[in-house]
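Asker: output the structure for:
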Amino acid sequence: MHAPHVGHGHKTGEVVLNRFGPDDDTCTTTIRYHARDFHVEISPAYFRNSPAVTSQYRAFLAAAQQDTETDEHDDDENPIITQFHTHLLTLFQPLLSQIAPDLPPAFDPQKLASGAVQPLLSDYLFPEEYHCRLEATNDTPKPVLSQTPPATSSAANNPDFVTVNNPALLSALAQHVPFLHPSAVQVSFRHPSYGNGSGRGSGTSGSKFPTQMLVDLTGSGTKTVCFLKTFSSDQNQDDDDDDNEGQQQKAERMTQALQRHLRILESRGRTADVGVPRLLGVVAVDGVYVAGLLVAYISPSSSSSQSQTLPPSPPPSSPPSVGHSGK
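Answerer: You can find the predicted model right below:
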């Protein structure tokens, strides 16, 4: 379901996702704060002698589940959902600011604007994660940090990745374009505020996820400007639909897109597919978990795909390691 954008993600936090448990009584709400993900587990099992808190939660749960089942994604959010999310953010604000007082360098607008940092796509796909829960006693709610130290998600259970179970297709594509780990892809910002850590939520914050990349496609040190095509950048799709059915649909769409690009690559220019930018690479982990497609960047002043290259950059003082296993 789409969650409302509340305030500015890098200052007050932002609810980006609700996941419901199989018992229909538990919800895990993800809050993005200072580019970290805080997964808050909420269940009546954590409420002791708290009828008011329980009633408020059940009202939210019913409204949120109905919103998901009816697939309603209007701009006007259900006020019950908005009120609960706002209250949750207020409760967790002190804990969030204590754990994550500042933005990581890769998300700091000033450092991005000055060029002091070169953020990588892995910074966005694998944020620090904290697991929390909401407890209540005598109708007094209490945020609790239930997991420390911070963890990072693996590609296998990360909704930003799509599992493509088609070895023949992936092997054929690898004959034409490189497969790159997210840590080998540099993010390029035209607007430094995109790095403010508000994250990949729905609503206005969805546009904050970077799409312009700098990639060394040949190993020569020369970086090519690419556009990262993901399903979250498809306005016709639900960014937060990460249940089994939604992931299966994403996998089908990804497979179709890869097959279409393979046909174009194998044609070697004999046939033209108007409107399909040229595939330059695939961002993937372990060769099967695909985060997105790197396609030729289309300049706003041009109607056609074009490859733009930049000269090799001086090596950073602490170069990131580039592996091929998920974080």
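Asker: where does the protein dip in pLDDT?
Answerer: 1-12, 69-76, 148-149, 190-209, 231-246, 269-275, 298-327 (pLDDT under 70).
Asker: need the CA coordinates for the strand or helix carrying Gly281. PDB is fine.
Answerer: Using DSSP states H and E, the element containing Gly281 is strand 279-285. What follows is strand 279-285, C-alpha atoms only, in PDB (Å, rounded to 0.1, in the frame of the first residue of the first chain):
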ATOM      1  CA  LEU A 279      20.800  -1.500 -22.800                       C
ATOM      2  CA  LEU A 280      24.400  -0.900 -21.400                       C
ATOM      3  CA  GLY A 281      24.400  -3.100 -18.300                       C
ATOM      4  CA  VAL A 282      22.500  -4.900 -15.600                       C
ATOM      5  CA  VAL A 283      22.800  -4.100 -11.900                       C
ATOM      6  CA  ALA A 284      22.600  -7.400 -10.100                       C
ATOM      7  CA  VAL A 285      23.800  -9.400  -7.100                       C
END
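Asker: adjacent strands (with direction) for it?
Answerer: Here strand 279-285 is paired, per DSSP bridges, with strand 179-180 (parallel), strand 289-296 (antiparallel).
Asker: neighbouring contacts of that strand?
Answerer: 121, 155, 161, 170, 173, 176-182, 185, 215, 217, 224, 226, 228, 258, 261, 264-265, 290-296, 307, 324-327 (C-beta atoms under 8 Å, 6 or more residues apart in numbering). For every residue, glycine as well, the C-beta is placed using N, CA and C.
Asker: where exactly do the helices run in the stretch 101-250 of the chain?
Answerer: Using DSSP state H, counting those that start in this stretch, the helices of the stretch 101-250 of the chain run over residues 109-114, 121-125, 167-174, 244-267.
Asker: which one of these is the most hemmed in?
Answerer: Stretch with highest mean neighbour count among those: helix 121-125 (a mean of 23; mean count of other C-beta atoms under 10 Å).
Asker: for the nearest residue to Gln186 once chain neighbours are set aside, which residues count as its bridge partners?
Answerer: The shortest distance from Gln186 to any residue other than its chain neighbours is 4.3 Å, reached at Leu214 (C-beta to C-beta, 6 or more residues apart in numbering). Bridge pairing for Leu214 (DSSP bridges) gives the partners Gln186, Val225.
Asker: surely Leu214 touches Lys223?
Answerer: Yes: using C-beta atoms under 8 Å as the test, Leu214 is close enough to Lys223 to be in contact (4.2 Å).
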